[in-house]
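Participant: return atomic coordinates for the entry below.
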Amino acid sequence: ALGKRLSIARLENHYFDTADGLLARSRVMLRIRRADQFLLGLKIGGEPRPGFFDSLELEERLPPETARRILEAPGEIYRLDSRPIEALRERFGTPALAALGCLRTERTTMAAEGGTLEFDRVIFPDGAESFDTFLAWLDPGKTGAV
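Facilitator: Numbers count the residues shown, from 1 in each chain. Presented below is the predicted three-dimensional model:
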């Protein structure tokens, strides 16, 4: 059963990859997310079966000035001493990165029996939209997209 609405968040997601799409081909996602703070995120993994994700996700807070510097010059990301960048280096070295673009997300989080339910409205740079639902169970073995 659904419970009360827990939060509404507006997220700005800036994505990075190499010019030839090395990270995407390797099922790796690198982004800086801005909500009430800046977060550097690296996701490694994939979708072993439709709607279910198995990935390693590393996140670290960034000072606003650091995030802005990286958004202007993506290569600056390698100056960070952080677990996400350490994992990126371990897998790929230091390939030249480019900013791919920005997606905006409006996320509504609701309480659900045994976890939380997130409804995302994703807004693309051209104004197109998509919608996703994600159920996060308190038991991490059950987490997956709906």
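Participant: show me the shaky parts of this structure.
Facilitator: Residue ranges of the chain with pLDDT under 70: 1-2, 46-53, 138-146.
Participant: how long is stretch 90-109 from one end to the other?
Facilitator: The stretch stretch 90-109 measures 34 Å between its terminal residues, going by CA to CA, to the nearest Å.
Participant: okay, buried residues for that stretch please.
Facilitator: Buried residues in stretch 90-109, counted by 16 or more other CB atoms under 10 Å: Leu97, Leu100, Cys102, Leu103, Thr105, Arg107, Thr109. Any C-beta I mention is one placed from the backbone N, CA and C, and that applies to glycine too.
Participant: got it, and stretch 109-116?
Facilitator: Buried, per 16+ other CB under 10 Å, within stretch 109-116: Thr109, Ala112, Gly115, Thr116.
Participant: how about the strands of this protein, start to end?
Facilitator: Remark: strands assigned in the chain by DSSP state E are 2-17, 28-34, 38-49, 52-62, 98-112, 115-123, 129-137, 144-145.
Participant: tabulate the buried residues of stretch 90-109 in JSON lines, adding columns for distance to Met29.
Facilitator: Conversion of the buried residues of stretch 90-109 to JSON lines gives the following (distance: CB to CB, whole Å):
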{"residue": "Leu97", "distance to Met29": "12"}
{"residue": "Leu100", "distance to Met29": "10"}
{"residue": "Cys102", "distance to Met29": "14"}
{"residue": "Leu103", "distance to Met29": "11"}
{"residue": "Thr105", "distance to Met29": "14"}
{"residue": "Arg107", "distance to Met29": "17"}
{"residue": "Thr109", "distance to Met29": "21"}
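Participant: on that earlier part again, which one of the strands of the chain has the most crowded surroundings?
Facilitator: strand 28-34 (a mean of 21; mean count of other CB atoms under 10 Å).
Participant: how about the strands of the chain in JSON lines, adding distance to Arg69?
Facilitator: As requested, those are exported to JSON lines (distance: least, CB to CB, whole Å):
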{"stretch": "strand 2-17", "distance to Arg69": "12"}
{"stretch": "strand 28-34", "distance to Arg69": "11"}
{"stretch": "strand 38-49", "distance to Arg69": "11"}
{"stretch": "strand 52-62", "distance to Arg69": "9"}
{"stretch": "strand 98-112", "distance to Arg69": "12"}
{"stretch": "strand 115-123", "distance to Arg69": "25"}
{"stretch": "strand 129-137", "distance to Arg69": "30"}
{"stretch": "strand 144-145", "distance to Arg69": "33"}
